[in-house]
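**Q** Give me a 3D structure for the following:
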Amino acid sequence: MRVEVILSPEEVVHHQLAGWVCVVIDVFRFTTTILTALEAGMERFFPVDGVEEALSLKKSHPELLLAGERNALQVPGFDFGNSPLEHYGKNYAGGELVFSTTNGTKAVQAARGADAVVLACLRSAQAVADYLKGQGRDVLFLPAGLEGKFSLEDTWCAGLMAKLLQAGEYGDGAQAAMLLHEHVPLEELAHSAHGRRLQALGLWDDLHFCLECSVSQGVVLWDQETGWGALARER
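**A** Residues are numbered from 1 along each chain as shown. Sure, this is the predicted structure:
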């Protein structure tokens, strides 16, 4: 198994995605939130880039629920923002989320062309690593970053999972991510650029929730042909 990490989302255009399982990571907060919503009973989700596309889908399919943020705040007119705590502890009887965020949903769309697309976060790190081991395929981690730039927490998460995979070959990005994971304490991730933005908004509970490691058994998959994603049913 080969493992590589794209250190900045802007670099994805320089990588050949075919032949890889692409793992999208947005710790603060999209991949954490979508995992939590699905575990709470939402059936599936549909990531889109723009707010207008989400509103248009809602207009033609009123049963859809809209979720997302701009500048970490809920989009006006949406049913949910981008906080995992909106869903944690809930028990939904199904439901379909159309999701649009500043960084995470763009990263999912950027993964098009990969052999398969998995969404991961710190909460699902061990579960996703176990799933990837079972697949036995080359793995490319795609941290969502912050507005196209490097993200400390997403790359740290990629380094953690890269180590858990115990692969036979690591690319330079993967080696850098693993060194970052080794030398930066988990609690420092709250003080990343994105972490400080959430702090300024008083979202400490979100931060603490997103920084819990390997507490979920959920693995989120995204089907690029249909555009819908859901929890993996068989592990």
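
**Q** Centre of the chain to whichever helix in the chain runs longest, how far?
**A** Identified as the longest helix of the chain according to DSSP state H is helix 152-165. The chain centroid and the centroid of helix 152-165 are separated by 12 Å under Cα atoms, centre = their mean, to the nearest Å.

**Q** Over to stretch 71-83?
**A** Taking Cα atoms, centre = their mean, one finds stretch 71-83 lying 17 Å from the centre of the chain it belongs to.

**Q** Stretch 120-136 too?
**A** On Cα atoms, centre = their mean, the centre of stretch 120-136 falls 12 Å from that of its chain.

**Q** Might you report the residue contacts of the residue lying farthest from the centre of the chain?
**A** Centroid-distance maximum for the chain: Ser60 at 27.2 Å, with Cα atoms, centre = their mean. By Cβ atoms under 8 Å, 6 or more residues apart in numbering, the contact list for Ser60 is empty. C-beta: built from backbone N, CA, C; applies to glycine.

**Q** Relative to Val51, how far out is it?
**A** Shown here: Ser60 relative to Val51, a distance of 15 Å by Cβ to Cβ, to the nearest Å.

**Q** who are the neighbours in contact with the residue nearest to Phe150 when sequence neighbours are not counted?
**A** Nearest non-adjacent residue to Phe150, counting by Cβ to Cβ, 6 or more residues apart in numbering: Ser8, 4.9 Å away. Ser8 sits next to Pro143, Gly145, Gly148, Lys149, Phe150 when contact means Cβ under 8 Å, 6+ apart.
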